[in-house]
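Asker: Quick one: sequence and predicted model below, then my questions.
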Amino acid sequence: MIRILTSSDNKTIFGVINDAAQAYEGIIPADRWKEPYMPMEELKEEVDAGVKFFGWEEGDVLIGVMGFQPIKDTTLIRHAYVLTKYQKRGIGRKLLSYLMSLAKTPEILVGTWEDATWAIQFYEKYGFKLVAPKEKDRLLRKYWNIPERQIETSVVLKFERSSV
């Protein structure tokens, strides 16, 4: 079941993100890796900046999270994570499909690490396309609040629809 998450879920969101983000260790640049991958303060900052988290629950266990952020003239999909032991079961697909159905903009953007090939392939499977490097830099500076080093080592994928 998918539900919108609230601040009372932050501890569980934190757990899901930091469990699943272990896949990045040794893959993304060492200077961008940290423990925990997303500290609680950063999670709160993301929510304060307008990221709405949705979660996939089975029983009373939150096993997947994905953020949704309408910003300016686009929609961002942010922080998509599924607990390691529940991956490859379609949970990410279900969350992504649900959030895409909520978007009111003609384009939806996702940013991820350029070396996270599994994440890139996941989004490409659902119609997202990598944007050119110059466009990627422009989009990351316009819609995200991330350091230059992260811009250098990230990609942006775009989903465009003909009508909303």
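Answerer: That came through, no problem.
Asker: which intervals of this protein have sub-threshold pLDDT?
Answerer: Across the chain, the ranges flagged by pLDDT under 70 are 163-164.
Asker: For it, which segments are assigned as helices?
Answerer: All helices of the chain, identified by DSSP state H, fall at 10-20, 40-48, 91-102, 117-125, 133-143, 148-152.
Asker: Could you dump the ones you listed into JSON lines and include distance to residue 63 and mean neighbour count?
Answerer: Just so you know, the C-beta spots here come from the backbone N, C-alpha and C atoms, and that holds for glycine as well. Shown next, in JSON lines, are the helices of the chain (distance: least, C-beta to C-beta, whole Å; neighbours: other C-beta atoms under 10 Å):
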{"stretch": "helix 10-20", "distance to residue 63": "7", "mean neighbour count": "19"}
{"stretch": "helix 40-48", "distance to residue 63": "17", "mean neighbour count": "14"}
{"stretch": "helix 91-102", "distance to residue 63": "6", "mean neighbour count": "17"}
{"stretch": "helix 117-125", "distance to residue 63": "16", "mean neighbour count": "15"}
{"stretch": "helix 133-143", "distance to residue 63": "28", "mean neighbour count": "15"}
{"stretch": "helix 148-152", "distance to residue 63": "27", "mean neighbour count": "13"}
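Asker: Is it possible to get a markdown table of these that adds distance to residue 62?
Answerer: Shown next, in a markdown table, are the helices of the chain (distance: least, C-beta to C-beta, whole Å):
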| stretch | distance to residue 62 |
| --- | --- |
| helix 10-20 | 5 |
| helix 40-48 | 14 |
| helix 91-102 | 11 |
| helix 117-125 | 20 |
| helix 133-143 | 27 |
| helix 148-152 | 26 |
